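*Asks:* attaching a predicted model along with its sequence, questions to come.
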Amino acid sequence: MWSGPATGFDCYRSTDLVHWEGPHPSFRPPPHFWSQEQYWAPEVHAYQGRYFMFATFTAPGHFRGTQILSADLPEGPYAPWSDGPVTPSNWHCLDGTLHVDGEGVPWMVFCHEWKQIHDGAIMAQRLTPDLRRAVGTPTLLFNASEAPWSHPLDVPSTKHLAHPVYVTDGPYLFRLSSGTLLMLWSSFGDRGYAMGIARSTSGTLLGPWTQEAEALWSTDGGHGMIARTLDGGLFLTLHQPNTSPHERASFYALRELEDTVVFASTPGLSGP
C-alpha cells in the first residue's frame, strides 16, 4: 500500500461477521487510469439506487485525493464515476466519506492532510446530486488539535518541522436515533493511533462540532465506521493493528445512548 504498483480493491462477504467468503475483486483500474499506486481507504455507500465507492489515490505529479467510483452491486465491479478526484486539485487530501444532509443534499467529508497544513483538518464539500462533481468551496469543520485526546505526531520525519503536526484520518458520520449527529475520526493519542467522536451541536453537518474528551478507541487502531447487523444491532468496524501488512477489519458491538455510542462490552475481553 505504500510503494509499488497497486492491484485494486477486494471485498469479502459474510452473514455473521465471523465466517467470510472471498476475497472478491471489486475494483481493478481500467487501462490508462491516472493512478497506479497507493490505493487507500475504499468506502461504499448506497445512494439513489446505485453503490458508490469513495477511495483515495495518488500519482507522480498529482496531489493525493478522493475519487468516486460506482457500481450496480455493492461488491462491484466499480468503475470511475467522477472525473478524477473531487477533492481540491492543489490540496493533499484523503479519506472522503459520503453524508446526505436532512434536505437530501449530498456532501463529501474529507481530510485536508497535515503534510500540507500541519494541523490536519476535517472539511465538508458539497457535491452535485449525481455525485460526479464538487460544488463551491470546501468548508472547515474542525482541526485535529481541537480534540483533547489528539496528540502531535512524534515520528522522525516530523522532528525538523517548526510546528507540531496533528493528523486527521477517516471521518465517518452517523445519526443516532435521538437525532444527534456524530462523527468518528482518527488521529494519534498518547498510546498511538486512535479514534474519537465529534458531535454536532446543531445536529447539522456544518456544526459547530465539539470533541469528546477521551478517545473511543485509544490504542493501535482506527478509521472506523458504524453499521447495523442484519438483526438490527449496532456495531463498530475499524482496522487494527495500525501496522502494515497486519491490519485487519475488526467488529465490536456498540450500545447507543442519547448523544453518543459506547462499547456493549470491553473490547478484547468478550470478542467481536
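*Replies:* Right, received. Where do you want to start?
*Asks:* hey, let's count contacts and neighbours off CA atoms from now on
*Replies:* Will do.
*Asks:* dead centre of this protein: give me the residue that sits there.
*Replies:* When the chain is reduced to its mean C-alpha position, the closest residue under C-alpha atoms, centre = their mean turns out to be Gly170, at 2.8 Å.
*Asks:* okay, now the residue nearest to that residue when sequence neighbours are not counted: neighbour count?
*Replies:* Counting by C-alpha to C-alpha, 6 or more residues apart in numbering, His223 is the residue found nearest to Gly170 once chain neighbours are left out, at 4.6 Å. Counted with other C-alpha atoms under 10 Å, the burial measure for His223 works out to 25 neighbours.
*Asks:* quick revisit: contact partners for the residue nearest to the centre of the chain?
*Replies:* By C-alpha atoms under 8 Å, 6 or more residues apart in numbering, Gly170 lies in contact with Ala41, Asp95, Gly96, Phe110, Cys111, Leu184, Trp185, Ser186, Gly222, His223, Gly224.
*Asks:* switch to 7 Å and redo it
*Replies:* If a contact means C-alpha atoms under 7 Å, 6 or more residues apart in numbering, then Gly170 has Asp95, Trp185, Ser186, His223, Gly224 as its contacts.
*Asks:* partners of the helix or strand harbouring the second one in the sheet?
*Replies:* When secondary structure is defined using DSSP states H and E, the element that contains Trp185 is strand 181-189. Each strand paired with strand 181-189, and its direction, by DSSP bridges: strand 169-175 (antiparallel), strand 192-200 (antiparallel).
*Asks:* doesn't Leu98 belong to a strand?
*Replies:* Yes - in this structure, Leu98 lies within a strand as judged by DSSP: H, G, I helix; E, B strand; the rest coil.
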